[in-house]
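1. model the structure of this input:
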Amino acid sequence: MKSNITEIKLRVNALLKELERLEASELENREMFPLSELKQRVTRYVKDNDITIDTFCELAMISKTTLYAAFNSPGSTKRATIEAIISVFGNYRLYVGRVDAN
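-> The predicted model follows:
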């Protein structure tokens with residue numbers, strides 16, 4: 001009976017590893033980025049779409065002061081502000097995840 005439990009544990013571990021691999025692959029296929037890249041993403045969006053920061057702020061319905069505060073301290077920015085900013089990019093959603101230790 002002990003060997004059956006060991007075999008089941010090995011199968012479960014193998015399945016968990018495969019699920020983690022699939023999840024990681026799925027996340028890589030989504031265009032995700034850390035909050036630390038918020039300023040670069042906004043800057044690129046403004047340039048690619050030939051708009052001004054003022055126009056971007058109007059689209060996000062936030063002030064320039066709020067946007068620059070988010071650039072300087074994205075981890076301290078209110079969730080609603082981050083969601084307003086990323087809503088301009090299109091169909092984005094805010095996720096929370098663990099940092100890869102590797």
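2. quickly note the distance from K39 to L10.
-> Distance of K39 to L10, given as Cβ to Cβ, to the nearest Å: 46 Å. For every residue, glycine as well, the C-beta is placed using N, CA and C.
3. show me which of the two is the more surrounded one.
-> Of the pair K39 and L10, K39 is the one with more neighbours under other Cβ atoms under 10 Å, namely 15 against 10.
4. for that one, which non-adjacent residue is closest in space?
-> Distances taken as Cβ to Cβ, 6 or more residues apart in numbering place F71 nearest to K39, at 4.1 Å, with adjacent residues excluded.
5. can you report phi and psi for F33?
-> F33 adopts backbone torsions of phi -150, psi 150, taken as degrees, to the nearest 10.
6. and the pLDDT for the closest residue to it other than its chain neighbours?
-> Using Cβ to Cβ, 6+ apart and skipping the chain neighbours, the partner closest in space to F33 is R41 (6.0 Å). Listed pLDDT for R41 reads 92.
7. quick check: R41 touching F89?
-> Yes: between R41 and F89 there is a contact under Cβ atoms under 8 Å: 7.1 Å.
8. give me the more crowded residue out of the two.
-> Shown here are R41 and F89; by other Cβ under 10 Å, R41 has more neighbours (18 against 15).
9. what strand or helix carries the more buried one?
-> helix 38-48 (DSSP states H and E).
10. now do L19
-> Going by DSSP H and E, L19 is part of helix 2-29.
11. that helix - what's its average pLDDT?
-> The model assigns helix 2-29 a mean pLDDT of 79.
12. what about it, distance to the chain center?
-> Taking Cα atoms, centre = their mean, to the nearest Å, one finds helix 2-29 lying 24 Å from the centre of the chain it belongs to.
13. quick one, the one helix or strand T66 maps to and helix 38-48 angle?
-> For T66, the element it lies in under DSSP H and E is helix 64-72. With axes from the mean of the first three to the mean of the last three Cα atoms, to 10 degrees applied, the angle from helix 64-72 to helix 38-48 works out at 120 degrees.
14. domain parsing for the chain?
-> For the chain, the structural domains run 1-30, 35-89, going by automatic domain parsing.
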